[in-house]
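**Student:** what follows is a predicted structure for the sequence shown.
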Amino acid sequence: KSGFITIIGRPNVGKSTFINRVIGQKIAIMSDKAQTTRNTIQGVLTEKDAQFVFIDTPGIHKPKHRLGDFMVKIAEGTLNEVDVVMFMINAEEGFGRGDQYIIDRLKNIKRPIFLIINKIDQVHPDTLLQLIDQYKDKLSFAEIIPISALQGNNVTHLLDVLKSHL
Ligand code: GDP
Ligand code: MG
């Protein structure tokens, strides 16, 4: 099995951290500053029975200037060409306008969309349950999976579920 997986989401939710964790190399630039990842970066993970090609993106958000506009186009351009779309959110932040903007862009995508709730190491389990409740009806998600990209919680499970969609 093999497939392409793109990771989208607002800046700073942990997209690059996730790729770096699963690939095990510092291939994507991580930073607290938004928009550090200026181009899509691919990372290949080869396991015994599967190969994953992860595509890191600059993050989809409402563009404020021309460079922002260009970066958003890169992120959107990958959506219909992949096997799975991972929409990553930050568990520390509630649902916001930035998320609605992304969800509107995902409505016409004919690919399985995973809602990845990242940074669960930072929140109370009740907060996580509330977030799941808040998001689950906003789009038809193929899977909703909480993780900590930084600490590694549930990342192996996520890879297993991804495998089942390839
Ligand atoms: P990106 O803009 O979506 O690519 O986000 P980054 O991967 O650059 O991460 C932004 C910040 O969030 C960095 O300071 C990361 O260390 C931090 N971060 C990413 N994942 C996690 C996580 O699971 N838990 C915590 N506590 N911090 C995280
Ligand atoms: Mg990044």
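**Tutor:** Now that the structure is in, tell me what you want to look at. Numbering: from 1, shown residues only. Ligands and ions are numbered 1, 2, ... in the order given.

**Student:** what's the following helix or strand after the helix or strand bottoming out on mean pLDDT in the chain?
**Tutor:** In the chain, no helix or strand scores lower on mean pLDDT, DSSP states H and E than helix 66-77, which sits at a mean of 62. Counting by DSSP states H and E, the element after helix 66-77 in chain order, helix or strand, is strand 84-90.

**Student:** direction included, what does that following strand pair against?
**Tutor:** strand 2-8 (parallel), strand 113-118 (parallel) (DSSP bridges).

**Student:** check whether the longest one contacts ligand 2.
**Tutor:** No. With C-beta under 5 Å from the ion as the criterion, ligand 2 is not reached by strand 2-8; the gap is at least 8.7 Å. For every residue, glycine as well, the C-beta is placed using N, CA and C.

**Student:** rewinding a little: can you tell me which of the strands paired with strand 84-90 is most buried?
**Tutor:** Highest mean neighbour count among the strands paired with strand 84-90 (mean count of other C-beta atoms under 10 Å): strand 113-118, with a mean of 24.

**Student:** next structured bit after it?
**Tutor:** Taking DSSP H and E, what comes next after strand 113-118 is helix 125-135.

**Student:** and that next one, is it in reach of ligand 1?
**Tutor:** No. Shown here: helix 125-135 not in contact with ligand 1 (C-beta under 6 Å from any ligand atom), separated by at least 12.5 Å.

**Student:** for the record, mean pLDDT for that helix?
**Tutor:** Helix 125-135 shows a mean pLDDT of 95.

**Student:** who are the packing partners of it?
**Tutor:** Secondary-structure packing of helix 125-135 (3 or more C-beta pairs under 8 Å, 6 or more residues apart in numbering; DSSP states H and E): strand 113-118, strand 143-146.
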